[in-house]
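S.K.: For reference, the sequence and a predicted model appear below.
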Amino acid sequence: MQAERKSELKNRIFIAIVVLTNAAGNVLLAVGMKQMPDFDNTSVMGYTASLFTNLWIFFGIALLVVWMVAQLSMFTWADLTYVLPVTAGGYVLTAILGKFFLGETVSIARWLGIALISFGVVLVSETPPHETGDDQ
Amino acid sequence: MKWVWVLVTVLSGTIGDLVSAKGMSLHGELDDFRPRGLVRIMRYVVTHPLVAGGIFCNAIAFFSFMALLSVSDLSFAVPVTASSYILKTVCAKWYLNERITWRRWAGVVMVAIGIVLISV
């Protein structure tokens, strides 16, 4: 019973890590890429140099590495068809971050999309993470 | 040209996820997240052929998605590639032997439609 509670907690923590590192990593990468010199007017060496020295890009990639390892770790106890929909909350987070930090307007269609994704996430997160069955 | 990038992005992303999920599922449930445990996970991830191959495929998907963005809008690229959720679910049934209950199907379809609504 206690082991079950512990692995449920672990699962929830990993969902949070996967969602947060993916959203934050993408935002950092996007900010960093906007600071990059124009690709066509720069030598390959110069472009590569600014790619490797941009801190936004560096931390963006670091977060995406954490995201990847966390998601891969989840596959050792959860199905792909559980992990994918349950971690889709990142789309909702990005839309909401866009509204509050970038002042983007959220249309009715967008709110509907946010609601649909959220329902989907809740629906799947209430199924057991691992349902690979020999019973079928 | 943009449909070529769509195809490459969706197919390599699907293969990448399926193959790396398979490779990780062969490892027992991870429980040790102390530094030594993390090093062990990293070593498994980069040396297991299925997992490393899956990461390689996902890298291809990442760069072809970037290429897609350079020839199309985000409002085209994101909803079109969201179709990979459906493809991955179908493939997970036969390749990973996962049981896709109606709740899982409903959730995946809602997420895919939701992504389309958010980005169009």
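M.R.: All right, it came through fine. Numbers count the residues shown, from 1 in each chain, chains lettered A, B, ... in the order given.
S.K.: Name the helix or strand for the spatially most central residue of chain A, please.
M.R.: Nearest residue to the geometric centre of chain A (Cα atoms, centre = their mean): residue A:22, 2.8 Å. With elements taken from DSSP states H and E, the one containing residue A:22 is helix A:2-34.
S.K.: Quick check: which helices or strands does that helix pack against?
M.R.: The contact analysis (3 or more Cβ pairs under 8 Å, 6 or more residues apart in numbering or on different chains; DSSP states H and E) places helix A:2-34 against helix A:55-74, helix A:89-102. From N, CA and C alone the C-beta is placed, and that goes for glycine too.
S.K.: Tell me if I'm right that the residue nearest to the centre of chain A and residue A:90 touch.
M.R.: Yes - judged on Cβ atoms under 8 Å, residue A:22 makes contact with residue A:90 at a distance of 4.8 Å.
S.K.: what comes up buried for the helix or strand of chain A with the lowest mean pLDDT?
M.R.: None of the helices or strands of chain A scores lower by mean pLDDT, DSSP states H and E than helix A:89-102, at a mean of 80. Within helix A:89-102, the residues that count as buried by 16 or more other Cβ atoms under 10 Å in any protein chain shown are A:89-95, A:98.
S.K.: Is it positioned near chain B?
M.R.: Yes - Helix A:89-102 lies within reach of chain B by Cβ under 8 Å from any Cβ of the partner chain, at A:91, A:95.
S.K.: Follow the chain on from that helix and name the next helix or strand.
M.R.: Later in the chain than helix A:89-102, the nearest helix or strand by DSSP H and E is helix A:108-125.
S.K.: quick check, that following helix touching chain B?
M.R.: Yes - using Cβ under 8 Å from any Cβ, helix A:108-125 comes into contact with chain B via A:109-110, A:112-121, A:123-124.
S.K.: State the pLDDT value of the residue positioned nearest the centre of chain B.
M.R.: Against the mean C-alpha coordinate of chain B, by Cα atoms, centre = their mean, the closest residue is residue B:17 at 3.8 Å. If you check residue B:17, the pLDDT there is 97.
S.K.: Now do it against residue A:72, distance only.
M.R.: Distance, residue B:17 to residue A:72, using Cβ to Cβ, to the nearest Å: 10 Å.
S.K.: can you check residue A:20 too?
M.R.: Separation of residue A:20 from residue A:72 (Cβ to Cβ): 16 Å.
S.K.: More neighbours: these two, which one.
M.R.: Under the criterion of other Cβ atoms under 10 Å in any protein chain shown, the comparison of residue A:20 against residue A:72 puts residue A:72 first, with 25 against 17.
S.K.: before we move on, the earlier item: show me what the least confident helix or strand of chain A is packed up against.
M.R.: Helices and strands touching helix A:89-102, by 3+ Cβ pairs under 8 Å, 6+ apart, are helix A:2-34, helix A:108-125, helix B:102-119.
S.K.: what angle sits between it and helix A:2-34?
M.R.: Orientation of helix A:89-102 against helix A:2-34 (axes from the mean of the first three to the mean of the last three Cα atoms, to 10 degrees) gives an angle of 50 degrees.
S.K.: Show residues contacting helix A:89-102.
M.R.: Helix A:89-102 is contacted from outside by A:15, A:18-20, A:22-23, A:26-27, A:104-106, A:110, A:113-114, A:117-118, A:121, B:111, B:114-115, B:118, using Cβ atoms under 8 Å, 6 or more residues apart in numbering or on different chains.
S.K.: Report the angle between it and helix B:102-119.
M.R.: Interaxial angle of helix A:89-102 relative to helix B:102-119 (the same axes, to 10 degrees): 30 degrees.
S.K.: CA-only coordinates of helix A:89-102 in CSV, if you can.
M.R.: What follows is helix A:89-102, C-alpha atoms only, in CSV (Å, rounded to 0.1, in the frame of the first residue of the first chain):
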residue,chain,number,x,y,z
GLY,A,89,-0.6,19.9,-20.5
GLY,A,90,2.5,21.7,-21.7
TYR,A,91,0.4,23.0,-24.7
VAL,A,92,-2.1,24.5,-22.2
LEU,A,93,0.8,26.0,-20.1
THR,A,94,2.4,27.6,-23.2
ALA,A,95,-0.9,29.2,-24.3
ILE,A,96,-1.5,30.6,-20.8
LEU,A,97,2.1,31.8,-20.5
GLY,A,98,1.7,33.5,-23.8
LYS,A,99,-1.4,35.3,-22.6
PHE,A,100,0.1,36.5,-19.3
PHE,A,101,3.7,37.3,-20.4
LEU,A,102,3.4,38.1,-24.0
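S.K.: No more questions from me, cheers.
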